[in-house]
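A.B. asks: Here you go, sequence then predicted model.
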Amino acid sequence: MTDTVTRPRTSHRRPAKQMIIDCDIHNVMSPDSLHPYLPNRWLRHLRTFGSRQHSGNVYPKGSPARWDAFPPSGLQPGADLGFMQVQHLDALNVEYGILGPLSGAGSQLDPEFSAALSTATNDWQIKEWLEPEDRLRAGMIVPAEHSEQAVAEIERLAGHPGFVQVLLVARSTAPLGDRRYWKMYETAARHDLPVGIHYGGGVRGFPISATGWPSFYLEDHTGMSAAFQAHVASLIFSGIFERVPNLRIALIEGGFAWLPSLAWRMDTHWKRFRSEVPHVPRRPSEYLWEHFWMTTQPIEEPHRPADLHKVFEQLGGVDKVMFSTDYPHWDFDHPLHAFQVRLPADQREKIYTENARAFYKLPAGATKIR
């Protein structure tokens, strides 16, 4: 941690009554955050050539514009641990928070540079976030498009208790069931690490729409759920879950109300065309409900709020739904206001804490990782 870490006024310290496990917190880098963690060869490369990747749509989603999340230190929202501790972890009674830095380190076109940035990002997370704060855990950044380097990074850090998932982004070179990613999944599963797929990422020359480039940010933001649907179908029909039966997937910031209808559609077509995929011997919906979990933010908000209960019913219950805030982004969800409807006590406990505790295998009460 640097000397710039500051804490907000004590008026932010009042804790919420509901304890939560927050499955989507974004820790943000300052421009020189990775410099102490990069070998001289790659630090010179970064300073001379900079980043080389296909950029995604970053406005306004990439602007962490929750107005009150700017710390007095002058750092960007999400970059000041001390401020985050009091404004978010303390105030919202966060038992655990799962970090997901959206840096682009894992999507560089140069495989070795991508690997170096991923390693530096993970080492930065350990030193400046996980070691100072026992409540935090992190998603491991890997060069996902470069299988050999991704496997090496998972092997390097798989034994570290601070990393609880391998973190990917929804915009990828290919649907995520493609065999180019299988060694990464096999390695993660061998170490009992789930894989998180998060909103965003570089477009790599491909529009998010199947029919071309959207005209408006609103289209892009709305259409991101289509990328998640494509990945779910790809993963299931690829047969990866038959090959790696303990592989667990978290869909992060992609919504979930579309899952029941996708399950119906996949099952219907599988009955007709199952001869094409003999490596998928069971109904697609069975793999879906066994291997996929999802986070709440952005929670779907039906025109009739009570219909959210019907969505949960169509999901087969709430056992795979995990709470998230997306702190410090503009579309942050406060745990007291995230749901339009009142949840029964047993559902609240599952969604706010216990589903995530089971998925990430977190002990009761934050424990030191050092």
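C.D. replies: Thanks, I have the structure now.

A.B. asks: how far does stretch 100-118 sit from the chain's center?
C.D. replies: With CA atoms, centre = their mean, to the nearest Å as the basis, stretch 100-118 stands 16 Å off its chain's centre.

A.B. asks: Kindly report the same for stretch 68-77.
C.D. replies: Centroid separation for stretch 68-77 versus its chain: 23 Å, with CA atoms, centre = their mean.

A.B. asks: what distance separates the start and the end of it?
C.D. replies: 9 Å (CA to CA, to the nearest Å).

A.B. asks: That one: which residues count as buried?
C.D. replies: Ala69, Phe70, Pro71, Ser73, Leu75, Gln76, Pro77 (16 or more other CB atoms under 10 Å). Using the backbone N, CA and C atoms, a C-beta is placed for each residue, glycine as well.

A.B. asks: Go through the residues you listed and name the one nearest His303.
C.D. replies: Ala69 (30.1 Å; CB to CB).

A.B. asks: and that closest one, how far is that from Phe216?
C.D. replies: 26 Å (CB to CB, to the nearest Å).

A.B. asks: Could you look up the SS state of Ile98?
C.D. replies: strand (DSSP: H, G, I helix; E, B strand; the rest coil).

A.B. asks: what does Ala356 give?
C.D. replies: helix.

A.B. asks: Next: Gly74.
C.D. replies: coil.

A.B. asks: Gln87 now?
C.D. replies: Strictly by three-state DSSP, Gln87 counts as helix.

A.B. asks: how many other residues sit next to it?
C.D. replies: As a burial measure, Gln87 scores 23 neighbours (other CB atoms under 10 Å).

A.B. asks: just Gly78 next, same as before
C.D. replies: Gly78: 25 neighbours (other CB under 10 Å).

A.B. asks: That one and Met29 touch, don't they?
C.D. replies: No. Counting by CB atoms under 8 Å, Gly78 does not reach Met29; the two are 9.1 Å apart.

A.B. asks: Do a quick rundown of the helices in the stretch 201-350 of the chain.
C.D. replies: Remark: helices assigned in the stretch 201-350 of the chain by DSSP state H, counting those that start in this stretch are 217-238, 240-243, 259-273, 284-291, 307-314, 345-349.

A.B. asks: quick one: the third one to helix 307-314, angle?
C.D. replies: It refers to helix 259-273. 40 degrees (axes from the mean of the first three to the mean of the last three CA atoms, to 10 degrees).

A.B. asks: What helices and strands are in contact with helix 259-273?
C.D. replies: Applying 3 or more CB pairs under 8 Å, 6 or more residues apart in numbering; DSSP states H and E, one finds that helix 259-273 makes contact with helix 217-238, helix 284-291.

A.B. asks: can you state the direction angle for it and helix 284-291?
C.D. replies: 140 degrees.

A.B. asks: Next, give phi and psi for the nearest residue to Glu153 once chain neighbours are set aside.
C.D. replies: Nearest non-adjacent residue to Glu153, counting by CB to CB, 6 or more residues apart in numbering: Val142, 4.7 Å away. Val142 adopts backbone torsions of phi -130, psi 150, taken as degrees, to the nearest 10.

A.B. asks: ok so, going back, of the helices and strands packed on helix 259-273, which is nearest Ala158?
C.D. replies: helix 284-291 (19.8 Å).

A.B. asks: for the closest one, packing partners?
C.D. replies: Using 3+ CB pairs under 8 Å, 6+ apart, helix 284-291 sits against helix 217-238, helix 240-243, helix 259-273.

A.B. asks: Can you give the contact residues for it?
C.D. replies: 232-233, 235-237, 241, 247-249, 259, 262-264, 266-267, 270, 280, 315-316, 320 (CB atoms under 8 Å, 6 or more residues apart in numbering).

A.B. asks: Now it: buried residues?
C.D. replies: Pro284, Ser285, Tyr287, Leu288, Trp289, His291.

A.B. asks: For the stretch 251-370 of the chain, give me the ranges with low pLDDT.
C.D. replies: Counting by pLDDT under 70, the stretch 251-370 of the chain has low-confidence residues at 366-370.

A.B. asks: re the thing from before, any of the contacts of helix 284-291 buried? List them.
C.D. replies: Buried among the contacts of helix 284-291 by 16+ other CB under 10 Å: 232-233, 235-237, 241, 247-249, 259, 262-263, 266, 270, 280, 315, 320.

A.B. asks: and the residue nearest to Glu153, what does it touch?
C.D. replies: Gly106, Ser118, Gln149, Ala150, Glu153, Ile154, Val166, Leu167, Leu168, Met184.

A.B. asks: The fifth one touches Ser114, doesn't it?
C.D. replies: No. Applying CB under 8 Å, one finds Glu153 not in contact with Ser114, separated by 9.8 Å.

A.B. asks: list residues touching both of these two?
C.D. replies: Joint contacts of Glu153 and Ser114 (CB under 8 Å, 6+ apart) are Pro143.

A.B. asks: now the buried residues of helix 284-291 in CSV, with distance to Leu130?
C.D. replies: Converted to CSV, the buried residues of helix 284-291 look like this (distance: CB to CB, whole Å):
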residue, distance to Leu130
Pro284, 37
Ser285, 37
Tyr287, 33
Leu288, 32
Trp289, 32
His291, 27
